[in-house]
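[1] Based on what follows, work out the 3D shape:
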Amino acid sequence: MTLVVKDRVKETTSTTGTGALSLSGAAAGFQSFAVIGNGNTTYYAITEPSTSAWEVGLGTYTLSGTTLARTTVLASSNGGSAVNFAAGVKDVFVTYPAERAVIDDGGGNLTATSFTGDGSALSNVAASTATTLQTGRRIGGVTFNGSANINLPGVNAAGNQSTTGNAATATNVAYSGLTGAVPTWNQNTTGNAATATNVAYSGLTGTVPTWNQNTTGSSASTTGNAATATSAAALSANLPVSRLNNGTNASASTFWRGDGAWIAGGLDGADGATGATGSTGATGPTGATGPQGNTGPQGATGPQGATGAASTVAGPQGATGPQGNTGAQGNTGPQGNTGSQGATGPQGSTGATGATGATGGFTTNSNAQVNSLGVGVAASGTAGEIRATNNVTAYYSDDRLKTKLGDIDNALDKIDTLAGFYYEANQTAQDLGYKVIREVGVSAQSVQAIMPEVVAPAPIDERYLTVRYERLVPLLIQGIKELRVEIKALKGQ
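    Numbering: from 1, shown residues only. Below is the predicted model of the structure:
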């Protein structure tokens, strides 16, 4: 079962009560509910013009029997419950109910209680209510999903970082050229390594040589930035021989070289030539794709492309056009030969004289039936005919007796579905007593599809319909007004 919404879907129904609707076919210019698909759901609206009753809801379409079940009622003129519709023609059409609409609040914001899907196509979605990452990440060996803070021992918590392994985590830096015990410089990890200003080393007493550092006492205090040191030269005094186990050739006029030998002092040589530039390192991994930017303004429309080749596949057949006007009546064919007269039957016996009937005439309480009626003139004798020498006045038209329900909309479209034509009584009408004469009129079924209020059961037999022609005048008036608006628009007024 799939929710399907389509444009211009409208049918009529004569179903009564609160149950499923039997659909009577598409209204002129609209699609039928068959486009929704068998077993699928859609949003519907029902209106009953004669009572102003209405209902909006979620319905289920069934192809077999062409029915629409009123699955869930969302709103109605019956306080939100299913409407118990009375007899008469009602309109049923696909709609977009306010109860299920997603609407911009005017500030570019949409509000919804839930979404279906993974949200990969959503953009500019605030994460102010997110509590964790969907997939955890590792930072320095610690898994992090955003649910709590990370504490690093030796940085913002007590403890030591594990520094075994490569140079990035070395705990001891040894130096050569000395005899005897060699002191190691141990990293003190009890403080915050990110803000350390001193690196102390133990194992020496007395004067300590200053290797681009301020060395006082028995510990080297790096008050400068040890990370920017460029050499281990520029000793500020004679290196105490006693502190280096009296190395060979050590004296007040010699200096200790980095390879462990004592040499006589001399001036610094000229700087050597700059070495060749090393090869470029490997390209680092590509960074994560940044968020998609806002959609730019739409570009100008490009030139129209060349017309494609004609298709060899025939397109679908178009909808049947409106019925054309009825052609002129053909000539009456020649009269057939008169059949032979049958034999005269025997005369029956004379019946007894009936009782004298009541005096004729009408009263205000009469329920009478006459063959024909003449008002101010003799009756014609034609069954069912009323003749009068003046106006026949009936019903009411005073605004003070009316509650207006709205103008007749799309009047021209409705008129366009009708056809005026000549006709004569067919055999069924003749059997009911009508004569074969040339008449002019419209189809009651066509009128019923657009204005059911104008159609009534025929007096001759309620199985058939008749049109109250005088009630078509309002439709014609509205049609003329719509036509006038279109003419003014064409004239540029």
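[2] quick one: residue 405 and residue 49 touch, right?
    Yes. Residue 405 lies in contact with residue 49 (CB atoms under 8 Å); the separation is 7.3 Å. The way it works is simple: take the backbone N, C-alpha and C, and place the C-beta from them, glycine included.
[3] hang on, residue 374 is in a strand, isn't it?
    Yes. Assessed by DSSP: H, G, I helix; E, B strand; the rest coil, residue 374 belongs to a strand.
[4] Now do it: how many residues are near it, please.
    Applying other CB atoms under 10 Å, we find 15 residues neighbouring residue 374.
[5] With residue 150 instead?
    12.
[6] ok, so what distance separates it from residue 142?
    6 Å (CB to CB, to the nearest Å).
[7] overlap in contacts of those two?
    Shared contacts of residue 150 and residue 142 (CB atoms under 8 Å, 6 or more residues apart in numbering): none.
[8] between residue 405 and residue 49, who's got more neighbours?
    Per other CB under 10 Å, whichever of residue 405 and residue 49 has more neighbours is residue 49, with 15 against 8.
[9] Kindly state the pLDDT recorded for that one?
    pLDDT recorded at residue 49 is 90.
[10] which residues does it contact?
    Counting by CB under 8 Å, 6+ apart, residue 49 touches 90-91, 405, 452-453.
[11] Please apply the same query to residue 110.
    102-104.
[12] What is the burial count for residue 82?
    The tally of other residues near residue 82 (other CB under 10 Å) stands at 16.
[13] My error: substitute residue 475 in the last question.
    19.
[14] how about the CA coordinates for the host helix or strand of it, as CSV?
    For residue 475, the element it lies in under DSSP states H and E is helix 473-491. Extracted in CSV, the C-alpha atoms of helix 473-491 (Å, rounded to 0.1, in the frame of the first residue of the first chain):
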residue,chain,number,x,y,z
VAL,A,473,-30.2,30.6,-16.6
PRO,A,474,-27.8,31.3,-13.7
LEU,A,475,-25.2,29.1,-15.3
LEU,A,476,-25.5,31.0,-18.6
ILE,A,477,-25.2,34.3,-16.7
GLN,A,478,-22.0,33.3,-15.0
GLY,A,479,-20.6,31.9,-18.3
ILE,A,480,-21.2,35.3,-20.0
LYS,A,481,-19.4,37.1,-17.2
GLU,A,482,-16.4,34.8,-17.4
LEU,A,483,-16.4,35.2,-21.2
ARG,A,484,-16.4,39.0,-20.7
VAL,A,485,-13.3,38.8,-18.5
GLU,A,486,-11.5,36.8,-21.1
ILE,A,487,-12.4,39.3,-23.8
LYS,A,488,-11.2,42.2,-21.8
ALA,A,489,-7.9,40.4,-21.1
LEU,A,490,-7.5,39.8,-24.9
LYS,A,491,-8.1,43.5,-25.6
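[15] what's it in contact with?
    Outside of helix 473-491, the residues within contact range by CB under 8 Å, 6+ apart are 407-408, 411-412, 414-415, 450-451, 454.
[16] now the contacts of residue 110 as TSV including secondary structure and pLDDT?
    Compiled in TSV, those are given as follows (DSSP: H, G, I helix; E, B strand; the rest coil; pLDDT from 0 to 100):
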residue	secondary structure	pLDDT
102	coil	84
103	coil	82
104	coil	79
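[17] what's the closest of these to residue 305?
    Set against residue 305, the nearest of these by CB to CB is residue 104 (34.8 Å).
[18] how close does the closest residue in space to the closest one that isn't next to it in sequence get to residue 302?
    In space, and not counting its chain neighbours, residue 104 is closest to residue 110: 6.4 Å by CB to CB, 6 or more residues apart in numbering. Per CB to CB, residue 110 is found 32 Å from residue 302.
[19] same deal with residue 284?
    Counting by CB to CB - residue 284 and residue 302 are separated by 40 Å.
[20] Please apply the same query to residue 389.
    Separation of residue 389 from residue 302 (CB to CB): 76 Å.
[21] got it, and residue 406?
    According to CB to CB, residue 406 and residue 302 sit 45 Å apart.
[22] pLDDT score for residue 81?
    Looking at residue 81, its pLDDT reads 96.
[23] Does it belong to a helix, a strand or coil?
    On the three-state scheme (three-state DSSP), residue 81 is labelled coil.
[24] Find the residue closest to residue 24 in space, skipping its chain neighbours.
    residue 12 (4.7 Å).
[25] these two touch, right, that neighbour and residue 88?
    No. The criterion here is CB under 8 Å, and residue 12 misses it with residue 88 at 10.2 Å.
[26] quick one: which of these two has more around it?
    Ranked by neighbour count (other CB under 10 Å), residue 12 and residue 88 place residue 12 first, with 19 against 15.
[27] if we take the contacts of residue 110, which one ends up nearest to residue 58?
    residue 102 (16.0 Å).
[28] State the distance from that closest one to residue 347.
    Per CB to CB, residue 102 is found 88 Å from residue 347.
[29] try residue 147
    Going from residue 147 to residue 347 by CB to CB gives 115 Å.
[30] Neighbour count: the two, which is higher?
    residue 147 (9 against 6).
[31] coming back round to it: what mean pLDDT does the helix holding residue 475 have?
    Average pLDDT, helix 473-491: 94.
[32] for stretch 398-416, same thing?
    Averaging pLDDT along stretch 398-416 gives 94.
[33] Mind listing residues that contact it?
    28-29, 49, 52, 322, 450-451, 474-476, 478-479, 481-483.
[34] Of these, keep whichever come out buried.
    450-451, 475, 478-479, 482 (16 or more other CB atoms under 10 Å).
[35] Pick out the most distant pair among the residues you listed.
    451 and 482 (15.3 Å).
[36] For residue 95, grab the count of nearby residues.
    Residue 95 is flanked by 17 other residues according to other CB under 10 Å.
[37] so what's the closest residue to it other than its chain neighbours up against?
    Leaving aside its chain neighbours, residue 95 sits nearest to residue 45 (4.2 Å; criterion: CB to CB, 6+ apart). The contact partners of residue 45, taken as CB under 8 Å, 6+ apart, are 54-56, 92-95, 97.
[38] Tell me the one of these nearest residue 423?
    Taking CB to CB as the measure, residue 423 lies nearest residue 92 of the contacts of residue 45, at 31.7 Å.
[39] Number of residues surrounding that closest one?
    By other CB under 10 Å, the residues close to residue 92 number 23.
[40] now it, what's its secondary structure?
    Recorded secondary structure, residue 92: strand (three-state DSSP).
[41] can you pull the contacts of it?
    Here residue 92 is in contact with 10-13, 21, 23, 33, 44-46, 68 (CB under 8 Å, 6+ apart).
[42] now do residue 425
    By CB under 8 Å, 6+ apart, the neighbours of residue 425 are 434-437, 439.
[43] I'd say residue 6 and residue 94 touch.
    Yes. The pair residue 6 / residue 94 is scored as a contact, 5.8 Å apart, by CB under 8 Å.
[44] Those two: which is more packed in?
    Between residue 6 and residue 94, residue 94 has the larger neighbour count (other CB under 10 Å), namely 23 against 12.
[45] So that one versus residue 26, what's the distance?
    Where residue 26 is concerned, residue 94 sits at a distance of 12 Å (CB to CB).
[46] Which residues are in contact with each of those two?
    The contact lists of residue 94 and residue 26 share 9-10, where a contact means CB under 8 Å, 6+ apart.
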